[in-house]
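> take this sequence and fold it.
(4 chains)
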There are 2 protein chains.
Amino acid sequence: MPHLIDPTLTRRERQRESTYADIVTASRDLLQDSPELSLRAVAAKMGLTAPALYRYVANYQELVDLVAFEIDKAATETFAAAADALDPDDAAGRLVAATTEFRQWALGNPHEFSIVFANPIAEAACVRRELVTLASSGHLLTDLIHDVWVQRRFPIPALDDLAPAVREALEEPLIPAKVAHIAAEDRGLVWVYMQGWTQLYGVVVLEVMGHMDPRVIESGEMFIDVVRRFAPTVGLADDVPRLEALIRERLSR
Amino acid sequence: MPHLIDPTLTRRERQRESTYADIVTASRDLLQDSPELSLRAVAAKMGLTAPALYRYVANYQELVDLVAFEIDKAATETFAAAADALDPDDAAGRLVAATTEFRQWALGNPHEFSIVFANPIAEAACVRRELVTLASSGHLLTDLIHDVWVQRRFPIPALDDLAPAVREALEEPLIPAKVAHIAAEDRGLVWVYMQGWTQLYGVVVLEVMGHMDPRVIESGEMFIDVVRRFAPTVGLADDVPRLEALIRERLSR
DNA sequence: TCATTGAAGTGAACGGTGTTCACCGTAAAC
DNA sequence: GTTTACGGTGAACACCGTTCACTTCAATGA
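This is a model prediction of the structure:
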């Protein structure tokens, strides 16, 4: 994303913005090689000393959050691009393409993946939770499932059939903007999304962490299996052969 | 596990064994409070200096592996105990009880859980991989699913219907002992186990890491939902109401 | 235009980490 | 009773996150 000159920003502000971009770039560079991201290494890579970074970031955790947020944003763009490579009317194919791209990206960039999706945020501040919660990747997948639903109208649970805790979580999500465009009575769809995300997350984390037979990881068969089992839930039982072919084509790239 | 005096071990060997136990105890104590396990802190807690630990462990990673292995072993005993609290003939109930106990333990001991199940072993040595792969928890869950299968004889995939990579992984697992007691022609059952483990792992990691709406985590509804959806796969469709009640009873403790 | 202000960066320092090495006492082994 | 080697120490190195006093210099306002 080439940074056009924004006249509303003063020169200093523009330079500051550019430094933030440099921080992210340096951090992602380091994550290509090492699983650990260190503040000092980032500073060194930028030609700065460590204390200088504290002008931009309150502490190490905030650096990680910043980088994680930007990684998620950038990765989501590649997921969206994978979807956009297909016919705009092929909602099912778009969902599967983005999902497959997510899996491939995770395995190809395990450190970046870990920083975004395998970081404990239970004991973190509210800011952190908000950032991660409005993850753009989650937003994208929700949209793609919604598109499938618009086409297929697969059954979704009524809010009254869901447990109270779930209903609350769907009616008033932590970040309202995330599902604001989904009508209140259709929020059961978000529960279906969460079911799917849970399964996708399970395979991918197992694969990225290496907690699975290497031969199975390499083949991608468990990932395919998950998609195959989830397809009927979103009205795509009949599309499985085509979708599976689509996945295999993408996996073999 | 009270250590009886083993006359086959010399005094020195016994003392060494006891020191290993102390290392694990000190480490687990530290993990109760802090998410990070530091070699120096372990040494200090034992009244030693850091270099002394290198008489027992080659490096930090080996300390983590040792602790992770022992935690897995100890945790598995509590899972097994949860199963044993039920009628020995109630294979379904035993599986669900152990599974629920796993989820509860994970949420109650997030640091211990992370060290065992959310540690990247992709870029680790072979020793590490072997240790984690012969995880006793995996062994237990495989046994419990096998018991359910003996009772219900739910359909399992034929090896010929599975992808080559999967077939290889099932026929010659990384650690042969793990599934040695399952006949070659019944190895499709292990694939069903892996499907179930993937789903269980997905929810629990999401919950432990806090990457889910706190209200949903607290209620345990997504975990219940996963069990509910998996039940038919192992011939337990009709048992869902009873099993769900069993879960809810355990969750409310 | 000049003085002032404040943002950005530095070097030194503190406490923490994993790790290595030379050294030492003492308990086990021959 | 002598020798061996095991288990422990203290000092040191390189790295980490973080703080603080200090400088520099560009943007700002009079």
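> surely residue A:178 meets residue A:138?
Yes: judged on Cβ atoms under 8 Å, residue A:178 makes contact with residue A:138 at a distance of 7.0 Å. Every residue, glycine included, has its C-beta placed from N, CA and C.
> quick one, domains of chain A?
Chain A is divided into the following domains under automatic domain parsing: A:1-58, A:69-251.
> sorry, back to before: ok, residue A:178 and residue A:138, which is more surrounded?
residue A:138 (20 against 17; other Cβ atoms under 10 Å in any protein chain shown).
> from what I see, that one and residue A:177 are in contact.
No: between residue A:138 and residue A:177 there is no contact, the gap being 11.6 Å when judged by Cβ under 8 Å.
> nearest residue to residue A:185 in space, please, no chain neighbours.
residue A:159 (7.2 Å; Cβ to Cβ, 6 or more residues apart in numbering or on different chains).
> tally of neighbours for the one you found?
If you count neighbours by other Cβ under 10 Å, residue A:159 ends up with 17.
> and stretch A:163-173, anywhere near chain B?
Yes: against chain B, stretch A:163-173 shows contacts by Cβ under 8 Å from any Cβ of the partner chain at A:163-166, A:168-169, A:173.
> show me the contact partners of that stretch.
For stretch A:163-173, the surrounding residues in contact (Cβ atoms under 8 Å, 6 or more residues apart in numbering or on different chains) are A:159-160, A:162, A:179, A:184, A:187-188, A:190-191, B:213, B:215-216, B:218-219, B:221.
> any quick PyMOL command for the buried ones out of those residues?
Burial among the contacts of stretch A:163-173 is assessed by 16 or more other Cβ atoms under 10 Å in any protein chain shown; the matching PyMOL selection reads:
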select buried, (chain A and resi 159+162+179+187+188+190+191) or (chain B and resi 213+215+216+219+221)
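> can you pull the pLDDT of residue A:13?
Note on residue A:13: pLDDT of 87.
> secondary structure element for it?
helix A:11-33 (DSSP states H and E).
> buried residues, that helix. List them.
By neighbour count, with 16+ other Cβ under 10 Å as the criterion, the buried positions of helix A:11-33 are A:19, A:22-24, A:26-28, A:30-31.
> check these against DNA strand C, which are close?
residue A:19 (Cβ under 7 Å from any atom of the strand).
> tabulate the buried residues of helix A:11-33 (a markdown table), appending distance to residue A:95.
Converted to a markdown table, the buried residues of helix A:11-33 look like this (distance: Cβ to Cβ, whole Å):
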| residue | distance to residue A:95 |
| --- | --- |
| A:19 | 38 |
| A:22 | 35 |
| A:23 | 34 |
| A:24 | 29 |
| A:26 | 34 |
| A:27 | 30 |
| A:28 | 27 |
| A:30 | 33 |
| A:31 | 28 |
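> redo the buried residues of helix A:11-33 as JSON lines? Include pLDDT.
As requested, the buried residues of helix A:11-33 are exported to JSON lines (pLDDT from 0 to 100):
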{"residue": "A:19", "pLDDT": "98"}
{"residue": "A:22", "pLDDT": "98"}
{"residue": "A:23", "pLDDT": "98"}
{"residue": "A:24", "pLDDT": "98"}
{"residue": "A:26", "pLDDT": "98"}
{"residue": "A:27", "pLDDT": "98"}
{"residue": "A:28", "pLDDT": "98"}
{"residue": "A:30", "pLDDT": "98"}
{"residue": "A:31", "pLDDT": "98"}
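> and of the buried residues of helix A:11-33, the nearest to residue B:48?
Of all those, residue B:48 sits closest to residue A:30, with 34.1 Å by Cβ to Cβ.
> gap between the closest one and DNA strand D?
Separation of residue A:30 from DNA strand D (Cβ to the nearest atom of the strand, to the nearest Å): 9 Å.
> shaky segments in the stretch 101-250 of chain A?
Applying pLDDT under 70 to the stretch 101-250 of chain A picks out residues A:122-134.
> now do 90
A:118-136, A:174-181 (pLDDT under 90).
> now it against chain B: closest residue?
Residue of the stretch 101-250 of chain A nearest chain B, by Cβ to the nearest Cβ: residue A:202 (2.3 Å).
> and residue A:205, what is it in contact with?
Neighbours of residue A:205 in contact, by Cβ under 8 Å, 6+ apart: A:117-118, B:118, B:201-202, B:205.
> so who does residue A:11 touch?
Neighbours of residue A:11 in contact, by Cβ under 8 Å, 6+ apart: none.
> could you pull out the helices for chain A?
A:11-33, A:39-45, A:50-53, A:60-84, A:91-108, A:110-117, A:126-133, A:136-152, A:164-171, A:188-209, A:214-219, A:221-230, A:240-251 (DSSP state H).
> wait, does the longest one make contact with DNA strand C?
No: for a cut-off given as Cβ under 7 Å from any atom of the strand, helix A:60-84 has no contacts with DNA strand C; the smallest distance is 11.0 Å.
> the residue nearest to residue A:196 when sequence neighbours are not counted: how many residues sit nearby?
The shortest distance from residue A:196 to any non-neighbouring residue, by Cβ to Cβ, 6+ apart, is to residue A:230 (5.4 Å). The burial count assigned to residue A:230 is 18, neighbours taken as other Cβ under 10 Å.
> enumerate every residue touching residue A:230.
Per Cβ under 8 Å, 6+ apart, neighbours of residue A:230: A:195-196, A:199-200.
> now residue A:101
Contacts of residue A:101 by Cβ under 8 Å, 6+ apart are A:78-79, A:81-83, A:250.
> 6 Å - rerun?
A:79, A:82 (Cβ atoms under 6 Å, 6 or more residues apart in numbering or on different chains).
> could you do the one 3 residues further on as well?
Contacts for residue A:104 (Cβ under 6 Å, 6+ apart) come out as none.
> now residue A:220
residue A:251 are the contacts of residue A:220 under Cβ under 6 Å, 6+ apart.
> return the most buried member of the domains of chain A.
domain A:69-251 (a mean of 18; mean count of other Cβ atoms under 10 Å in any protein chain shown).
> and that one, anywhere near DNA strand D?
No: judged by Cβ under 7 Å from any atom of the strand, domain A:69-251 makes no contact with DNA strand D; its nearest approach is 12.3 Å.
> flag every residue of the stretch 151-253 of chain A that's near chain B.
With Cβ under 6 Å from any Cβ of the partner chain as the criterion, the stretch 151-253 of chain A meets chain B at residues A:163, A:165-166, A:168-169, A:198-199, A:201-203, A:205-206, A:209-210, A:213, A:215-216, A:219, A:221.
> ok, back up a step: rebuild the residues of stretch A:163-173 next to chain B as CSV, extending it with distance to residue A:38.
Below are these laid out as CSV (distance: Cβ to Cβ, whole Å):
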residue, distance to residue A:38
A:163, 43
A:164, 44
A:165, 39
A:166, 40
A:168, 40
A:169, 36
A:173, 34
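> for DNA strand D, state which of the buried residues of helix A:11-33 is nearest.
residue A:30 (8.9 Å; Cβ to the nearest atom of the strand).
> please report how far the closest one lies from residue A:41.
Going from residue A:30 to residue A:41 by Cβ to Cβ, to the nearest Å gives 6 Å.
> what do you get for residue A:170?
As judged by Cβ to Cβ, residue A:170 and residue A:41 stand 42 Å apart.
> then residue A:241?
Counting by Cβ to Cβ, the gap from residue A:241 to residue A:41 is 48 Å.
> same thing with residue A:29?
The value you get for residue A:29 to residue A:41, if Cβ to Cβ is used, is 10 Å.
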